[in-house]
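Enquirer: next input, structure requested:
(2 chains)
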Amino acid sequence: MSAARRLLKELGEARRAAASQPGGGSGGADSGPDAAGKSQAPAQPLVHLEPAGEEDLFHWRAVIAGASGSPYAGGRFELAIEVPRDYPIAPPAMRFVTKVCHPNVHLKTGEICLDLLKSAWSPAWTLQSACLAVAVLLTSPEPDSPLNCDAANLLRAGDLRGYNSLVSMYTSLYATP
Amino acid sequence: MSDTQATTNAADPAGGAAAADARPSDEEILRYERQIKAGEMEMPLVGDMVGFQRLHEASAQPEAADQGLAGVAPAQPKLTGEYENGLPVYMDKIDHLKKTCLGMRSVRKDGNCFYRAFGFRLAELVWENRGLPWHRAVLERATATKALMTTMGYDMSILEDFWEKFEEVLKFDKEDRSELATSFRTEYISDTVVCYLRLITAALLKRDRDLYEAFVLDSYPTLESFIGECVEPMNVESDQIHIVAMSNIFGIDIRIANLDSTRAEKGINFHEISPMEPMQVDQSPIITLLYRPGHYDVLYPRPIV
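Expert: Have a look, this model is predicted:
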């Protein structure tokens, strides 16, 4: 039962954060942050974080924005989050719904290889901070523990140009609205 | 048991004499490892207190006192059994334990054993000392951890449950002490307490960085990476630094009996950890643990009269 209590608190936090963020929330004029946000802090990568359904706190949906200057720029990546009953002692299960080309993300299933979501989880993390960690993972891949060997091999071979153009292609094909 | 399994399952082409010195295959090793882990998961998170004397007698005798709680079999740590063919140094130490201790209480070997043993014994001591000055002093220290957490950037509104469960076991006031063990056998309560202790350890390491950082920088790039890998996550084994932190947070002495192969001068050697700011209270109790390489259990020394 305490999982629900904790999730309600996180929901409150997430909504407060979204409200205090200029141009936050989903929809609206989305080209804003890139132009306006440059002089200040970098644009918030977490665009959306809400329970997927009205009455179910155990399934969430998140959208993260690809970092500008990276091959993910301009992309919107949707995450499906499943919260176990013993959350927050056990980590949430997260996967990409949007097809994303990344060494640590399975191209077909969207499975994410991030120690934070497995052995390194601690209840001090929240769904929000875990989503932000996934956003950070996008631009700091770990090619030595790959779920997508093709992407990882390009990086391991030092072919940054090839890697960037492959990722950009997937971003524009699958993640650009 | 594993022997028969190994021979029946081994796809050993030579067989016969060659089998005697054949190494088990990786698969067999993994299977054996899983078997051990599965067995361990059936052990209670916190066992009953058992005397050493009874351990090598008929261990089939069930614990009469432990009724209720379906599926929770009392732990039967057969110390002497485990060490039956061990080095004499172990046997000497076990003999010494039998003479100087009332018994021990085993804790599940899941990587959280130090925190679970410490948390349980702390709560038990608080209960034993209810009404005494130390009781109030330790509760004050415990309450102060909330402020420590907030100062170090942990969001206590999100971690409220963790503090509440910890406070609940510290304020346990039933007449029947066995109910405290029941709480610590309840996975949700037990793990929540372990987790809270891990988080306050992390907060302390961050606050007193100067004191602790030097001990981890040999193996980790930053104190934060050590905390992220070895302190905050569950099921990661504890080391000296975790124990020192607990001692400092609660102002309590921790004595650890070393049941390992190191020589002891008198009976068994103790590793003693004292807090930097001990409680200024008479008759402060001490937490005594039994260490075997990779594992901690609770130890109950005989009171010194």
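
Enquirer: residues touching the closest residue to chain A within the stretch 201-305 of chain B, list them.
Expert: Closest to chain A within the stretch 201-305 of chain B is B:Glu232: 3.6 Å, counting by CB to the nearest CB. Backbone N, C-alpha and C define where each C-beta goes, glycine included. By CB atoms under 8 Å, 6 or more residues apart in numbering or on different chains, the residues touching B:Glu232 are A:Ala120, A:Ser122, A:Ala124, B:Arg198, B:Leu199, B:Ala202.

Enquirer: can you select the buried ones from the residues you listed in PyMOL?
Expert: Buried members of those, defined by 16 or more other CB atoms under 10 Å in any protein chain shown, are picked up in PyMOL with:
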select buried, (chain A and resi 120+122+124) or (chain B and resi 198+199+202)
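
Enquirer: now the element after the helix or strand bottoming out on mean pLDDT in chain A, going C-ward?
Expert: Using mean pLDDT, DSSP states H and E, the weakest-scoring helix or strand in chain A turns out to be helix A:32-36, at a mean of 40. Note on helix A:32-36: by DSSP states H and E, the next helix or strand toward the C-terminus is strand A:46-51.

Enquirer: for the next helix or strand after that following strand, packing partners?
Expert: Downstream of strand A:46-51, the next assigned helix or strand under DSSP H and E is strand A:59-65. With contacts taken as 3 or more CB pairs under 8 Å, 6 or more residues apart in numbering or on different chains; DSSP states H and E, strand A:59-65 sits against strand A:46-51, strand A:76-82, helix A:127-139.

Enquirer: got a list of what the nearest residue to A:Ile64 once chain neighbours are set aside touches?
Expert: In space, A:Ile64 comes closest to A:Ala135 once its chain neighbours are excluded; the distance is 4.5 Å by CB to CB, 6 or more residues apart in numbering or on different chains. Neighbouring residues of A:Ala135 by CB under 8 Å, 6+ apart: A:Pro45, A:Leu46, A:Ile64, A:Ala65, A:Ala67.

Enquirer: need the max-distance pair from those.
Expert: Taking CB to CB as the measure, these span a maximum distance of 11.8 Å, between A:Leu46 and A:Ala67.

Enquirer: more neighbours, the two?
Expert: Neighbours per residue, other CB atoms under 10 Å in any protein chain shown: of A:Leu46 and A:Ala67, the larger number sits with A:Leu46, 22 against 17.

Enquirer: just checking, that one touches A:Leu132?
Expert: Yes. A:Leu46 is within contact range of A:Leu132, at 5.9 Å (criterion: CB atoms under 8 Å).

Enquirer: what strand or helix carries B:Glu277?
Expert: Going by DSSP H and E, B:Glu277 is not in any helix or strand.

Enquirer: name the nearest residue to it, ignoring sequence neighbours.
Expert: B:Glu277 sits nearest to B:Gly251 (CB to CB, 6+ apart), 5.8 Å away.

Enquirer: I'd say the one you found and B:Met279 touch.
Expert: Yes. Contact criterion CB under 8 Å: B:Gly251 and B:Met279 qualify, at 4.3 Å.

Enquirer: re the thing from before, which residues touch the residue nearest to B:Glu277?
Expert: Contacts for B:Gly251 (CB under 8 Å, 6+ apart) come out as B:Ala137, B:Val138, B:Arg141, B:Pro275, B:Glu277, B:Pro278, B:Met279, B:Ser284.

Enquirer: before we move on, what about B:Val107?
Expert: Contacts for B:Val107 (CB under 8 Å, 6+ apart) come out as B:Leu45, B:Val46, B:Gly47, B:Cys113, B:Arg116, B:Ala117, B:Phe120, B:Tyr296, B:Asp297, B:Val298.

Enquirer: and if you look at B:Arg198?
Expert: Neighbour list for B:Arg198: A:Ser122, B:Tyr115, B:Val231, B:Glu232, B:Pro233, B:Met234 [criterion: CB under 8 Å, 6+ apart].
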